[in-house]
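>>> from the sequence below, what's the structure:
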Amino acid sequence: MSNENKQTKPKYTLEFKQDAAKLVIKNGYTRQRAADHLGVSLSAMSRWVKAEQGPEEKATKNHSALNLNAHDELLQLRKEVEQLRMEREILKKAAVFFAKEAE
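So this is what the prediction gives:
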């Protein structure tokens, strides 16, 4: 399969996701109508709405989902942790190399 045929997943900003969710939560749009209007998938719209709902609504539904801000920060922190782990491994290998060279 070539890279030309691959469909890329669209990237949406946090602000776009929050505004889209507000169409459903505050403006009374159905999830389908909002998704169609914005040209996004229904599943994406549903995730954004669930993530943006207030804690009182989540508590009544017994969900522990993060809001979009916390989710965005979590993704950024996970990337940072992975980068730091990679750097640590490189430093370990460098330390072993230089220890052998010093012998």
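>>> according to the record, where do the domains of the protein fall?
When the chain is parsed with automatic domain parsing, its domains come out as 11-65, 69-103.
>>> return the most buried member of the ones you listed.
Across the domains of the chain, averaging neighbours per residue (mean count of other Cβ atoms under 10 Å) puts domain 11-65 on top, at a mean of 14. C-beta here means a position set from N, CA and C on the backbone, and glycine is covered the same way.
>>> pull the distance from the longest helix along the chain to the chain's centre.
Longest helix of the chain, by residue count under DSSP state H: helix 68-102. Distance of helix 68-102 from the chain centroid (Cα atoms, centre = their mean, to the nearest Å) equals 20 Å.
>>> does anything pack onto that helix? Which helices or strands?
Helix 68-102 is packed against helix 14-25, helix 42-52, with contacts defined by 3 or more Cβ pairs under 8 Å, 6 or more residues apart in numbering; DSSP states H and E.
>>> pLDDT of it, averaged?
Mean pLDDT, helix 68-102: 88.
>>> okay, the angle between it and helix 14-25?
Using axes from the mean of the first three to the mean of the last three Cα atoms, to 10 degrees, the inter-axis angle of helix 68-102 relative to helix 14-25 is 150 degrees.
>>> between helix 42-52 and helix 68-102, find me the angle.
In terms of direction (the same axes, to 10 degrees), helix 68-102 departs from helix 42-52 by 90 degrees.
>>> sorry, back to before: how about the helices and strands packed on helix 68-102 in a markdown table, adding distance to Lys100?
As requested, the helices and strands packed on helix 68-102 are exported to a markdown table (distance: least, Cβ to Cβ, whole Å):
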| stretch | distance to Lys100 |
| --- | --- |
| helix 14-25 | 47 |
| helix 42-52 | 50 |
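>>> quick check: which of those is nearest to Glu103?
Closest of those to Glu103 is helix 14-25, at 52.3 Å (criterion: Cβ to Cβ).
>>> what is that closest one packed up against?
Counting contacts by 3+ Cβ pairs under 8 Å, 6+ apart, helix 14-25 packs against helix 31-38, helix 42-52, helix 68-102.
>>> hey, what's the angle from the first one to helix 14-25? Just curious.
By that I understand helix 31-38. On the basis of the same axes, to 10 degrees, helix 31-38 is oriented at 140 degrees to helix 14-25.
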